[in-house]
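Novice: need coordinates for the below:
(chains A and B)
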2 protein chains.
Amino acid sequence: MDSTSALRPPHQVDVPSTALFTDHYELTMIQAALRAGTAHRRSVFEAFTRRLPEGRRYGVVAGTGRVLEAIENFRFEPAMLEFLRERRVVDDRTVDWLADYRFSGDVHGYPEGEVYFPGSPVLRVEGGFAECVLLETVILSVLNHDSAVAAAASRMSSAAGGRPLIEMGARRTHELAAVAASRAAYVGGFDSTSDLAAGYRWGIPTVGTSAHAFTLLHDNETDAFRAQVDSLGAGTTLLVDTYDVTEAVRIAVETAGPELGAVRIDSGDLLLVAHRVRRQLDELGAHRTRIVVTSDLDEYAIASLAAAPVDAYGVGTQLVTGSGHPTCSMVYKLVARATSDAPDAPLHPVAKRSTGGKTSIGGAKWAARRPDASGVPEAEVVGTGEVPADLADHLMQVELVRGGEVVGREPLTAARERHLRSRERLPLSAAQLSRGEAVLTTEYLTDRG
Amino acid sequence: MDSTSALRPPHQVDVPSTALFTDHYELTMIQAALRAGTAHRRSVFEAFTRRLPEGRRYGVVAGTGRVLEAIENFRFEPAMLEFLRERRVVDDRTVDWLADYRFSGDVHGYPEGEVYFPGSPVLRVEGGFAECVLLETVILSVLNHDSAVAAAASRMSSAAGGRPLIEMGARRTHELAAVAASRAAYVGGFDSTSDLAAGYRWGIPTVGTSAHAFTLLHDNETDAFRAQVDSLGAGTTLLVDTYDVTEAVRIAVETAGPELGAVRIDSGDLLLVAHRVRRQLDELGAHRTRIVVTSDLDEYAIASLAAAPVDAYGVGTQLVTGSGHPTCSMVYKLVARATSDAPDAPLHPVAKRSTGGKTSIGGAKWAARRPDASGVPEAEVVGTGEVPADLADHLMQVELVRGGEVVGREPLTAARERHLRSRERLPLSAAQLSRGEAVLTTEYLTDRG
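Specialist: The predicted structure is shown next:
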């Protein structure tokens, strides 16, 4: 595939207000709490998941950078306030409070790209109740979507064993979810994307050459390949499965010469066809012409092609839909709140206690990844209160927002590198694609035992 | 749930340029075709799906209104052109051509909300090759996402048998996919949404009252319920499963009186709990207090509650992720193109012919839903060439864009009403949730037999 230049700082793009990516009930809760005088009780919310998707061995935190943007851009525009007033979503006092809204609290969390496990407190948001509860929906939207795609991407990149991976799922998901999916796939180990908006917005390298329509537009395959090579050069990638693959490969090398960059196969039994095409290319002297495959791939199909002469994978549907798990089950829960409205009132741990499941552990939590004697992580320790001395060097959370100011911004490449490092350190069983348990057990170390 | 006023015209919202929601290869194909002199050959593209998701009996066309907006807003902004130039995505000649891009062709398609079957030509785009191929990615993104959600919504609304359905999945999907999902759910038969942005953008009624965090913020359930009723009135919905459901229902009626609007149950065995709560409410004299359930629902869970005393369902994850099928498999294929660049050159049907699957039928297609003697549809007839006289009154496609001008805009309520009518007319087996075949067989009537 022809590629644009390497990753570079993205174009500036105006991010619209994120203030209405919010559930109606956040606002009615604020209205009721304002009236009751409880709206500004100091509070701690945490985002975490109770379990990994069935059979998955680790999760991948993705979207943190987008969460920080969402918090910065969480401001109600005049037309939005007018909408809330007109539709009587909340009373005037609440609308007035929303008009001045700026998050002024603190956020800590797992840095983007880090792996996570059930119970890992991947984000902790502290401030007044109202200012924190308001962010619930948008924070969860970003983390649930982006982490789901990144987890699938990570498994695929693990299966690809170093061969380049192209994200090409834009057409299979919402047009803006697609941009976030490209970003998450990049964090999870993908190398490039077909999505121009992802290149524009996030600086991810974009690639692509031609579709079957291009061949069908021309009177025959020779004309089509000639047109493409004339314009894009012999280094381009020719799509060889519109009519007959063997004939197309012959015409491709005849047209572009042995310097042909690559051929792409988008249908059929990829294992079989790749071997046949490789033999044919070699016989034609096109030893350096690469083979790109792009048909209905997922991590299992990629793994099954490990021994095939394939040079790059393009992945669409299964990537952007999280390979069977299109969303994580992250929740955002109030875990502690002040006992009164006084600014220095002590924090009191809280948790849902009904018997129908969905219980959680109260109290603001720290997390540490405890290594064994050889340095390999052996447990995810989640606790409240004091951090034991032996875990102090292994804490997972970093500061992301301090007093409303974002302090945890970083380039996307940093998240991608962190993910590859973090995954690399895990026990070897993390790379198994078969269904299994989380590779690290979560141990709870709470004040109350 | 407290609800905002009924559906009304949405607020005007600037839709950003959709021009970069495009795969890189669309642009390189245009570059090569411009150079080869084939870029403006008159062409026909069609969007269709080769099969329904496994076990599904019908599909639902959704997103058409958003497709029309996407076409109107498909204009390259100066910064985007600069990006394409700087990154060398395509050559200067192509960038100059893109700078002036406005779609000037015609679009026909199934109107939004209509049901569809394998092979149904849900959208037909005609114009020059370059101007049509450029729209591929964004058209598919919208149709694949929105139709997937609408299909799930339709099954759920069918299962709910007239009880109100609330879309509350924003936190489970990308924040802007969520807005489109609310819209698609509404088309599929949902009544309201928790997502404020969906209310703002599309005028869908928004609802919501409180979460567990609100109860936990207060010192006890009595304080929390009192705060909510004081502010939102006795007609509000109280969430009763934070601690003990029976105790909460007692406190709820004690606090709000028998005029309490509703209680919401968000965990546990909903069938069991709903019966118990109904009995308790009746014993307390709260005969008109409704019961809303909202925990991990899908169409099967909704159906299983048909005989339970439940008054409304709130659905999240399974709705916005298409209940197991988060994307449709719509493709956008060149099916005919002129034999030369002359404006009056005849159209020539084209189709991929390789043996590896993914073949399709060439030629611009019409579609008709043929009724049996009693007026019930019995087949989806898809053909090329002349329409048989007996099918002329049953054609499915309508004009959406004429010479680049959108002519098929309609209010969202029209799509919703159309869907309910269209589903109603189908053979009874369409309402079965069990896995099965498409309720209508697609029959092909092509020039070549």
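Novice: only C-alpha atoms from now on, for both contacts and neighbour counts.
Specialist: Fine.
Novice: hmm, the biggest helix by length in chain A in reach of chain B?
Specialist: Looking across chain A with DSSP state H, the single longest helix is helix A:136-160. Yes - using C-alpha under 8 Å from any C-alpha of the partner chain, we find that helix A:136-160 touches chain B at A:T137, A:V138, A:I139, A:L140, A:S141, A:V142, A:N144, A:H145, A:D146.
Novice: could you pull out the strands for the stretch 101-250 of chain A?
Specialist: Applying DSSP state E, counting those that start in this stretch to the stretch 101-250 of chain A gives strands spanning A:106-109, A:115-116, A:123-128, A:165-167, A:192-193, A:237-239.
Novice: show the average pLDDT along the fifth one.
Specialist: Strand A:192-193 comes out with an average pLDDT of 98.
Novice: output the contacting helices and strands for it.
Specialist: Under the contact criterion of 3 or more C-alpha pairs under 8 Å, 6 or more residues apart in numbering or on different chains; DSSP states H and E, strand A:192-193 touches strand A:165-167.
Novice: burial check on A:L440, number of neighbours?
Specialist: Here the number of neighbours of A:L440 (other C-alpha atoms under 10 Å in any protein chain shown) works out to 21.
Novice: surely it touches A:P377?
Specialist: Yes - counting by C-alpha atoms under 8 Å, A:L440 touches A:P377, with 7.5 Å between them.
Novice: rewinding a little: can you lay out the residues of helix A:136-160 next to chain B as a markdown table showing pLDDT?
Specialist: As requested, those are arranged in a markdown table below (pLDDT from 0 to 100):
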| residue | pLDDT |
| --- | --- |
| A:T137 | 98 |
| A:V138 | 98 |
| A:I139 | 98 |
| A:L140 | 98 |
| A:S141 | 98 |
| A:V142 | 98 |
| A:N144 | 98 |
| A:H145 | 98 |
| A:D146 | 98 |
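Novice: so which of those residues wins on neighbours?
Specialist: A:D146 (33 neighbours).
Novice: wait, it sits on A:S182?
Specialist: No - using C-alpha under 8 Å, A:D146 is not in contact with A:S182, being 9.2 Å away.
Novice: which residue, neighbours along the chain excluded, lies closest to A:P205?
Specialist: In this structure, A:P205 finds its nearest non-sequential neighbour in A:S192, 4.9 Å apart by C-alpha to C-alpha, 6 or more residues apart in numbering or on different chains.
Novice: dump the residue contacts of the one you found.
Specialist: By C-alpha atoms under 8 Å, 6 or more residues apart in numbering or on different chains, the contact set of A:S192 is A:L165, A:I166, A:E167, A:Y186, A:I204, A:P205, A:T206, A:V207.
Novice: rewinding a little: report all helices and strands that the longest helix of chain A contacts.
Specialist: With contacts defined as 3+ C-alpha pairs under 8 Å, 6+ apart, the packing partners of helix A:136-160 are strand A:59-60, helix A:64-72, helix A:175-187, helix A:299-304, helix A:317-320, strand A:330-338, helix B:175-187.
Novice: the first one and chain B, are they touching?
Specialist: No - applying C-alpha under 8 Å from any C-alpha, one finds strand A:59-60 separated from chain B by no less than 15.8 Å.
Novice: list of residues touching that strand?
Specialist: So strand A:59-60 is in contact with A:52, A:113-117, A:147-148, A:150-151, A:154, A:188, A:419, going by C-alpha under 8 Å, 6+ apart.
Novice: describe which strands that strand pairs with in its sheet and in which direction.
Specialist: strand A:115-116 (antiparallel) (DSSP bridges).
Novice: what's the neighbour count on A:F103?
Specialist: Neighbours of A:F103 under the rule other C-alpha under 10 Å: 22.
Novice: how about it: what's its closest non-neighbour residue?
Specialist: That would be A:G404: by C-alpha to C-alpha, 6+ apart, it lies 5.3 Å from A:F103.
Novice: which intervals of the stretch 51-200 of chain A have sub-threshold pLDDT?
Specialist: In the prediction, the stretch 51-200 of chain A carries no residues with pLDDT under 70.
Novice: who in it is up against chain B?
Specialist: Within the stretch 51-200 of chain A, the positions adjacent to chain B are A:80, A:83, A:87-89, A:129, A:137-142, A:144-146, A:168, A:170-177, A:194-197, A:200 by C-alpha under 8 Å from any C-alpha.
Novice: report the secondary structure state of A:Y313.
Specialist: With DSSP: H, G, I helix; E, B strand; the rest coil as the basis, A:Y313 sits in strand.
Novice: nearest to chain B: which residue in the stretch 151-300 of chain A?
Specialist: A:G268 (3.6 Å; C-alpha to the nearest C-alpha).
Novice: so what does that residue look like in phi/psi?
Specialist: Dihedral pair for A:G268: phi 90, psi -170, per degrees, to the nearest 10.
Novice: pLDDT score assigned to it?
Specialist: At A:G268, pLDDT is 92.
Novice: for A:S3, same thing?
Specialist: Listed pLDDT for A:S3 reads 45.
Novice: which positions are bridged to the residue nearest to A:P205 in the beta structure?
Specialist: With DSSP bridges as the rule, A:S192 is bridged to A:I166.
Novice: just A:A336 next, same as before
Specialist: The partner residues for A:A336, given DSSP bridges, come to A:V44, A:P349.
Novice: so what's it up against?
Specialist: A:S43, A:V44, A:F45, A:L347, A:H348, A:P349, A:V350, A:G362, A:G363, A:A364.
Novice: related to what we said a few turns ago, tabulate the strands of the stretch 101-250 of chain A (CSV), appending distance to A:D96.
Specialist: Converted to CSV, the strands of the stretch 101-250 of chain A look like this (distance: least, C-alpha to C-alpha, whole Å):
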stretch, distance to A:D96
strand A:106-109, 23
strand A:115-116, 39
strand A:123-128, 17
strand A:165-167, 44
strand A:192-193, 43
strand A:237-239, 58
